[in-house]
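> Could you work out the structure for the sequence below:
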Amino acid sequence: MSDSTTDHAPLSPPRSMRPHPRDHGERGYPYYTGRYGYGYIGQEQNLRIGIAAIFQVLRRNWFPIVLIIAVFMAIIHLFLEAIPPRYLAQSTIVLAQTDTRMNLTDSTLENADTSRVQVETEIDVLRSRGFALDIAGQLNLIEDPAFNTAISAAQETGTTITEPLDLQYANVVTRLLEAYTVTRRGESLALDISVLHTDPEIAAEIANRIPGSYIQESLDAKQTAVRASITFLAERSEQLAERLGRTEIEIADFIRDNQLDNAELSQELQAEHTRLRSITELFRSDGASDAEIAEMEARLALVEDELRSRTRAQLALAKMQRTLDADLARFDAFTERRNRLESQLDVLAPAARLITRANVPTSPAKPNRTLILLLGFAAGAIVGLLGAVLRELLDRRVWTGTQVERATGLRTLTYLPRIRQKTLASSEEFQRFLTVQKRSPVHEAVRGLITVVNNMPRTEECLVVALTSPIPNEGKSTLATALGATIAQEQQRVLVIDFDVHRQGLTELIGGQKSTATIDEVWRNPDGILDLVERDLLNGVDLMSFKRQSVLPRRLLGSPEHIQSWEVLRGAYDAIVIDTPPVLVSDEANRLAEIADFALLVSRWGKTSEDALASAADTLMLNRVSIAGVILNDVDLDSYTRRGYGYYFGSQAYGFATPDEIRQSA
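Coordinates of the predicted model:
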């Protein structure tokens, strides 16, 4: 069958002198088709690292990235649902810039500036276990299951509490210290007290009780120190008063006993001493008797003893008086200090003041759902992006001609668009597709391939093309059928030979009968070889098939009969398309090198690996098979463009049969 609008001139004669057309220009290889028609798929660029490359990676892997982000968000959502919300209550105190402290050395109050060390010390006090124990006692947290784990454990198990009370208090203090923090605002004297708890009212109560208790305790500590000093001074004053009384009595008694209150007595004794001394000296000078002199000396000695005794008493009295004066001075000093401290006791100020009172929070502070969800989204995006990059790096499948050239050194001749599975469901549906949709995207891609192949140099007028693939299910039989049908539509005599005797997919697609003759039987019959050809199966396409599992001779042109048979076939047709088994599965493709002008290596887009394609190309080259290039089959052009491998432009007005044409062919 043919259409007048699709008639073309016969295939070009041999062009052995024409240079091989490697360069197809900047627009890429012609007749790559799109979803709504035919056009060009741009030549792939070498891989570059940049914003565009990253964007294309994201486009190609958007679904797994979105899936990973969704999984991350779902896990985080479940995690957040499992965590009870905690409320934040915060109060603020300011330490006094100048603090009044008791100097225990002299029992006086003194002022000192609050230093950094003092601030850190006060923070340690607020975070001490002793202080926390006081707060726990004031709030009776020992009865709160949220703080006393022994109560919650007993409630869950339905048993009584066996844990010692001191251990329960220790656990309560630990949980309380975990619930609140004390932080300093930079270098200021302001301290923020933050409390996190599942109950907002309890959080506010603790946040207010801590500064209140600390302020009151600091004031109580100062007042206690002052009262202790007052008590000490009072006791010392009483002791001094008693001692002063005793000393005064002792002095009075001492004066009375020693007659120190009679100031004239000393003068009288001194005058008597002078008189007796003069008489004694007179007696000695006048020659008085020894008895008179001795009497006078005895009286003089007695007066001198009285004078010395009175002098000693006066010295002792002076000492006693000095002691009395010292005690009296101490008594006055203690009394003065005590009076001053008593006057200052009621005006003492605490070490800090409350400037912000905690209110009952209305919304939970932790977990920060928005922040955690954003972090989860970012983490999912990062993991997804890394996964996408790793996927790109580990993906060894063939997607572009650049990969083909890098893996094999061969060029990509065409991209064959994907044919719907419904079309390939049966041979009748596929034949109808080839018959009706003569200008479909698939046909245009095949026509472009025919143009490229026909321009390649060869020695005979008849074009002989062998199709093979690295592994099965690459679509080579489908392409061979489409290639034969398209050539036949151009009024060319075409023969398709199904050398894939293992699967015979070409025979089934074209609707031929499975032959019972082996390859050797057909090839040794040059006179009747044309009689073994099935005629006009599809748009004028002829088919030659062989018995299933036939053995292909090591050399198809190994005898005169073989050569003559092949010459008969080449003389009878303008083009011969050979379907061969996959290279990496069977050796038939390598044995057909001597009869084909060149081979086309079919690779399935996004399925065939670079390693398999490279191994197939290496095997064919090792067997001296001339490879024209690689065909990327089953290309999803929408996905191809979306993945950023190239570009497409075309028109909806081209490439499809009209409804009338479809109805006429039905």
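> what's the strand or helix carrying I372 packed up against?
For I372, the host element (DSSP states H and E) is helix 369-394. On a contact count with 3 or more CB pairs under 8 Å, 6 or more residues apart in numbering; DSSP states H and E, helix 369-394 meets helix 51-60, helix 62-82. In short, each C-beta sits where N, CA and C put it, glycine included.
> just the angle between the longest one and helix 369-394, please?
Here the directions of helix 62-82 and helix 369-394 differ by 150 degrees (axes from the mean of the first three to the mean of the last three CA atoms, to 10 degrees).
> Could you list every helix and strand in contact with helix 62-82?
Applying 3+ CB pairs under 8 Å, 6+ apart, we find helix 62-82 packed against helix 369-394.
> Alpha carbons of the helix or strand that the helix it packs on is followed by, as PDB, please.
Remark: after helix 369-394, the chain's next helix or strand is helix 401-408, criterion DSSP H and E. Extracted in PDB, the C-alpha atoms of helix 401-408 (Å, rounded to 0.1, in the frame of the first residue of the first chain):
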ATOM      1  CA  GLY A 401      23.600  10.700  23.000                       C
ATOM      2  CA  THR A 402      26.400  12.100  25.100                       C
ATOM      3  CA  GLN A 403      26.300   9.000  27.300                       C
ATOM      4  CA  VAL A 404      26.300   6.800  24.200                       C
ATOM      5  CA  GLU A 405      29.300   8.600  22.800                       C
ATOM      6  CA  ARG A 406      31.100   8.500  26.100                       C
ATOM      7  CA  ALA A 407      30.400   4.800  26.500                       C
ATOM      8  CA  THR A 408      30.900   3.500  23.000                       C
END
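> from the middle of its chain, how far away would helix 401-408 be?
Going by CA atoms, centre = their mean, to the nearest Å, the spacing between the C-alpha centre of helix 401-408 and its chain's C-alpha centre is 36 Å.
> If we go by neighbour counts, what in that helix is buried?
Applying a neighbour-count criterion of 16 or more other CB atoms under 10 Å, one finds G401, T402, Q403, V404, E405, A407, T408 buried in helix 401-408.
> right, so of the helices and strands packed on helix 369-394, which gets closest to L532?
With CB to CB as the criterion, L532 lies closest to helix 51-60 of these, at 49.1 Å.
> I'd like the average pLDDT over that closest one.
In this model, helix 51-60 has a mean pLDDT of 76.
> Counting by contacts, list what that helix packs against.
helix 369-394.
> Which of the three states applies to L167?
helix (DSSP: H, G, I helix; E, B strand; the rest coil).
> per-residue confidence for R555?
Note for R555: predicted pLDDT of 77.
> So it is in contact with L592, correct?
No. Taking CB atoms under 8 Å as the definition, R555 is not a contact partner of L592, at 10.4 Å.
> Looking at the two, which is more packed in?
Shown here are R555 and L592; by other CB atoms under 10 Å, L592 has more neighbours (22 against 11).
> hang on, the earlier thing: out of the helices and strands packed on helix 369-394, which is closest to R175?
For the helices and strands packed on helix 369-394, the distance to R175 is smallest for helix 62-82, at 19.9 Å, taking CB to CB.
> Okay, buried residues for that closest one please.
Quick answer for helix 62-82 (16+ other CB under 10 Å): I65, I68, I69, F72, I76.
> can I assume the last one is in contact with L374?
No. I76 is beyond contact range of L374, at 10.0 Å (criterion: CB under 8 Å).
> Any chance of TSV for the buried residues of helix 62-82, columns distance to K319 and pLDDT?
Below are the buried residues of helix 62-82 laid out as TSV (distance: CB to CB, whole Å; pLDDT from 0 to 100):
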residue	distance to K319	pLDDT
I65	103	89
I68	100	93
I69	99	93
F72	95	92
I76	91	91
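> Between which two of those is the distance greatest?
Spanning the widest gap among these are I65 and I76, at 16.5 Å by CB to CB.
> Stretch 598-618: which residues count as buried?
Buried residues in stretch 598-618 (16+ other CB under 10 Å): 598-610, 612-617.
> do the same with stretch 557-565
Buried residues in stretch 557-565, counted by 16+ other CB under 10 Å: L557, E561, H562, Q564, S565.
> which stretch among the helices and strands packed on helix 369-394 comes nearest R570?
That would be helix 51-60 among the helices and strands packed on helix 369-394, by CB to CB, at 45.5 Å.
> Restrict that closest one to CA atoms and write it as PDB.
Output of helix 51-60 as PDB, limited to C-alpha atoms (Å, rounded to 0.1, in the frame of the first residue of the first chain):
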ATOM      1  CA  ILE A  51      22.800  26.200  38.400                       C
ATOM      2  CA  ALA A  52      21.200  24.900  35.200                       C
ATOM      3  CA  ALA A  53      22.600  21.400  35.700                       C
ATOM      4  CA  ILE A  54      21.300  21.400  39.300                       C
ATOM      5  CA  PHE A  55      18.000  22.600  38.100                       C
ATOM      6  CA  GLN A  56      17.800  19.800  35.500                       C
ATOM      7  CA  VAL A  57      18.700  17.200  38.200                       C
ATOM      8  CA  LEU A  58      15.800  18.600  40.300                       C
ATOM      9  CA  ARG A  59      13.500  18.300  37.300                       C
ATOM     10  CA  ARG A  60      14.500  14.800  36.700                       C
END
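> For A207, grab the count of nearby residues.
Residues lying near A207 (other CB under 10 Å) number 29.
> picking up where we left off before, just checking, which of the buried residues of stretch 557-565 belong to strands?
Per DSSP state E, strands hold no members of those.
> Quick one: which of these has the lowest pLDDT value?
L557 (79).
> Can you check what pLDDT the model gives Q43?
Looking at Q43, its pLDDT stands at 43.
> List the buried residues of the helix holding I372.
Applying 16+ other CB under 10 Å to helix 369-394 flags I372, L373, G376, G380, A381, G384, L385, A388 as buried.
> Please name the nearest non-neighbouring residue to the fifth one.
In other words, A381. Leaving aside its chain neighbours, A381 sits nearest to I69 (5.8 Å; criterion: CB to CB, 6 or more residues apart in numbering).
> Where is the longest helix in the protein?
The residue-count maximum for a helix in the chain (DSSP state H) belongs to helix 200-257.
> tell me what the helix or strand following it is packed against?
Once helix 200-257 ends, the next helix or strand along the chain (criterion: DSSP H and E) is helix 263-286. Secondary-structure packing of helix 263-286 (3+ CB pairs under 8 Å, 6+ apart): helix 290-344.
> where does P526 fall, phi/psi-wise?
P526 adopts backbone torsions of phi -70, psi -30, taken as degrees, to the nearest 10.
> Strands of the stretch 551-666 of the chain, residue ranges please.
Counting by DSSP state E, counting those that start in this stretch, the stretch 551-666 of the chain has strands at residues 575-579, 598-604, 627-635, 648-649.
> scratch that, the stretch 51-200 of the chain
Going by DSSP E, counting those that start in this stretch, the stretch 51-200 of the chain shows strands at 87-95, 98-103, 108-113, 180-184, 190-197.
> want to try TSV for these, with distance to E297, mean neighbour count and mean pLDDT as columns?
Compiled in TSV, these are given as follows (distance: least, CB to CB, whole Å; neighbours: other CB atoms under 10 Å; pLDDT from 0 to 100):
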stretch	distance to E297	mean neighbour count	mean pLDDT
strand 87-95	85	21	94
strand 98-103	65	15	75
strand 108-113	64	12	77
strand 180-184	92	16	94
strand 190-197	91	20	94
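> Of the ones you listed, which is nearest A352?
Counting by CB to CB, A352 lies closest to strand 87-95 out of the strands of the stretch 51-200 of the chain; the figure is 4.5 Å.
> Give the pairing partners of the closest one; include direction for each.
Its sheet considered, strand 87-95 pairs with strand 190-197 (antiparallel), strand 352-356 (antiparallel) by DSSP bridges.
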